[in-house]
Structure formats: structure tokens, C-alpha cells
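> show me the folded form of this:
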Amino acid sequence: LGPSAVAFVSLERRVNFCLEGMCARAPAAEHFHRELEAQRGLLVGSLVAPDGVPQRFEYERAPTLELWRVRAACASAEQGASERREVRPLQS
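Numbering: from 1, shown residues only. As a prediction, this is how the structure comes out:
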């Protein structure tokens with residue numbers, strides 16, 4: 001894949017009661033966020049509003065859905081730091 005490749009990652013923030021810390025958390029989502037942050041120099045992730053994405057299958061979109069657009073940092077360097085954190089719907 002070239003440097004302009006984009007991956008879309010969807011995840012559901014499944015909240016569970018965790019014995020570690022004795023609290024309700026979403027460990028899988030937290031892990032994804034931590035790993036994306038650890039790759040900050042290589043990857044840029046931006047949260048996409050799911051309501052801006054056409055729904056092609058019949059399913060119920062949970063309010064806990066997160067849709068991420070992930071791409072190489074070098075491909076987005078010219079877009080500036082302010083746009084990297086922007087949350088916006090995709091254009092169809």
C-alpha cells in the first residue's frame with residue numbers, strides 16, 4: 001500500500017466491569033486509543049461521525065460505535081496539525 005492509503009476502523013465501546021481498578025471500562029477501545037497514540041509519528045487517526053457514512057446493510061447502529069480514519073502521518077503532513085484532530089463526516 002502506498003503512503004496515501006487510508007484504513008477505516010470501526011469499534012464498539014463495550015463497557016465491562018473490570019476487576020483491575022474495580023470499575024466500568026472499555027478496555028478494547030482504550031487499547032486501540034493507546035496504540036494509535038503510541039504510533040503518532042507514523043499514523044494519524046481522526047474520529048469520523050458515523051451519521052455521515054451511508055449505511056449499506058440493515059443493522060442498528062449502537063451509540064457506542066466509533067469510526068476512525070487512519071492514514072500514514074507522512075501522507076497528511078501537508079494538511080496541518082489542526083485538521084488531524086478534526087471530527088467530520090465523510091463525503092459520499
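> spatially central residue in this protein, please.
residue 68 (2.5 Å; C-alpha atoms, centre = their mean).
> that one against residue 29, yeah?
No: with contact defined as C-beta atoms under 8 Å, residue 68 and residue 29 do not form a contacting pair (10.3 Å). C-beta: built from backbone N, CA, C; applies to glycine.
> list the residues that contact both of those two?
For the pair residue 68 and residue 29, residues contacting each of them under the criterion C-beta atoms under 8 Å, 6 or more residues apart in numbering are residue 11.
> in the protein, which ranges drop under the pLDDT threshold?
Applying pLDDT under 70 to the predicted model, the residue ranges of the chain that meet it are 1, 75-92.
> quickly list what the nearest residue to residue 25 once chain neighbours are set aside is bridged to.
If the residues on either side of it in the chain are set aside, residue 25 comes closest to residue 18, at 5.0 Å by C-beta to C-beta, 6 or more residues apart in numbering. With DSSP bridges applied, the residues forming beta bridges to residue 18 are residue 23.
> run a quick neighbour tally on residue 18.
Residue 18 is surrounded by 12 other residues when neighbours are defined as other C-beta atoms under 10 Å.
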